[in-house]
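Undergrad: Next input, structure requested:
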Amino acid sequence: MDYQINRFVIDVPEGDEKSSVDQLDMDFFLQRDYRKVILGTVRFPDGKPAPCAVVKFFKLKRATADPETTSDLEPIGNAITDENGQFLLGPVYPGDKLILKILYLDCFINKSSTETVKSTREPEDCDFEE
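TA: Have a look, this model is predicted:
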């Protein structure tokens, strides 16, 4: 059986001065939840994990639509795979029909963020006259 914590709104007391109540002690009770999460691994054809792949997931807008051909999809969420190619999506509801789209762009992964960009135009000389 799965459990979740519902959303809680906490009103933090205002005040600039230190008081005897500077710590809020609270208990949170889990509620039953029948939703699921998807834990997956994206791999290359040779079996190696694909880090930094983008995993987007969608739900069919109409339950009668063909999941193989329809473009009538509702975006639900996305994740990026970790260094082991793993991702976690959810929660999703039992009975939902989901479509995953996975994108891996090697050109973004192998480029260094410190790469120097060179201009194709030489700077013009500026003569300032006073």
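
Undergrad: use CA for all of it now, contacts and neighbours both
TA: Will do.

Undergrad: what about the residue nearest to E83 when sequence neighbours are not counted, how many residues close to it?
TA: Using C-alpha to C-alpha, 6 or more residues apart in numbering and skipping residues adjacent in sequence, the residue nearest E83 is P51, 4.6 Å away. For P51, the count of nearby residues is 21 (other C-alpha atoms under 10 Å).

Undergrad: do the same with C52
TA: So C52, with other C-alpha under 10 Å, has 22 neighbours.

Undergrad: Could I get the phi/psi values of it?
TA: Phi and psi for C52, reported as degrees, to the nearest 10, are phi 70, psi 20.

Undergrad: Hmm, I80 and it touching each other?
TA: Yes. Applying C-alpha atoms under 8 Å, one finds C52 in contact with I80, separated by 5.5 Å.

Undergrad: Quick check: the gap between the residue nearest to E83 and L103.
TA: 11 Å (C-alpha to C-alpha, to the nearest Å).

Undergrad: One more: F8?
TA: In this view, F8 and L103 are 35 Å apart by C-alpha to C-alpha.

Undergrad: Report the contact partners of the most centrally placed residue in the chain.
TA: Geometric centre of the chain, nearest residue: A79, 3.5 Å, by C-alpha atoms, centre = their mean. Contact partners of A79, counting by C-alpha atoms under 8 Å, 6 or more residues apart in numbering, are V54, V55, K56, F87, L88, L89.

Undergrad: wait, is the third one part of a helix?
TA: No. Secondary structure of K56 (DSSP: H, G, I helix; E, B strand; the rest coil): strand, not part of a helix.

Undergrad: Next, count neighbours for it.
TA: 17.

Undergrad: Now it: closest residue in space, sequence neighbours ignored.
TA: Using C-alpha to C-alpha, 6+ apart and skipping residues adjacent in sequence, the residue nearest K56 is N78, 4.2 Å away.

Undergrad: coming back round to it: run through the bridge partners of the residue nearest to the centre of the chain.
TA: Beta bridges link A79 to V55 when assigned by DSSP bridges.

Undergrad: now swap in V92 and tell me
TA: Counting by DSSP bridges, V92 forms beta bridges with K36.

Undergrad: what about it, distance to M26?
TA: According to C-alpha to C-alpha, V92 stands 28 Å off from M26.
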